[in-house]
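got a sequence here, can you build the structure:
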Amino acid sequence: MTKQKRDQYTEMINRREITIEMLINCIANLEPLISKSAYEMKKYKYALSDNSEYYFKRYIGFRNIIMKILNSPPLEEIREIIKGYKKSDIVSNVMRDQIMELIISKDFTLVE
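I've put the predicted structure just below:
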């Protein structure tokens, strides 16, 4: 993510504003994490100390919350949109968590 875009997102988060682009960016951040935790959950199915199921449910929960805000478009439609994203264009985990904090607290304004 470019410094200019990161600064813009940070400023918007500080003003408690979220855009649809930011939400889609969060999904772009979550998709590989969901895939990785699903793989690890299957791989370490019989391990005693495996946190992959916890993370899988957490990331799926985040994605479901975002999808509700986006009025539940088909997931395949969102995946098509994020296919064109470069890894450098996607929000960081820290920024994603800040956005999710605003969403969960319901203390934000959706800006078009």
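
what is the neighbour count of Ile90?
21 (other Cβ atoms under 10 Å). Where C-beta positions appear, they are placed from N, C-alpha and C, glycine not excepted.

tell me who's in contact with it.
1, 25, 28-29 (Cβ atoms under 8 Å, 6 or more residues apart in numbering).

quick one: least confident helix or strand in this structure?
In the chain, no helix or strand scores lower on mean pLDDT, DSSP states H and E than helix 75-83, which sits at a mean of 87.

and that one, what does it pack onto?
helix 20-43 (3 or more Cβ pairs under 8 Å, 6 or more residues apart in numbering; DSSP states H and E).

what sits up against the helix it packs on?
9, 12, 50, 52-53, 55-56, 59-60, 62-63, 66-67, 69-70, 78-79, 81-82, 85, 89-93, 96, 99-100, 110, 112.

and the residues you listed, which of them are in strands?
Leu110 (DSSP state E).

ChimeraX command for the buried members of the contacts of helix 20-43?
The buried residues among the contacts of helix 20-43 can be selected in ChimeraX (16 or more other Cβ atoms under 10 Å) with this line:
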select :9,12,52,55,56,59,62,63,66,67,78,82,90,91,96,99,100
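
among the contacts of helix 20-43, which lie within helices?
9, 12, 52-53, 55-56, 59-60, 62-63, 66-67, 69, 78-79, 81-82, 93, 96, 99-100 (DSSP state H).
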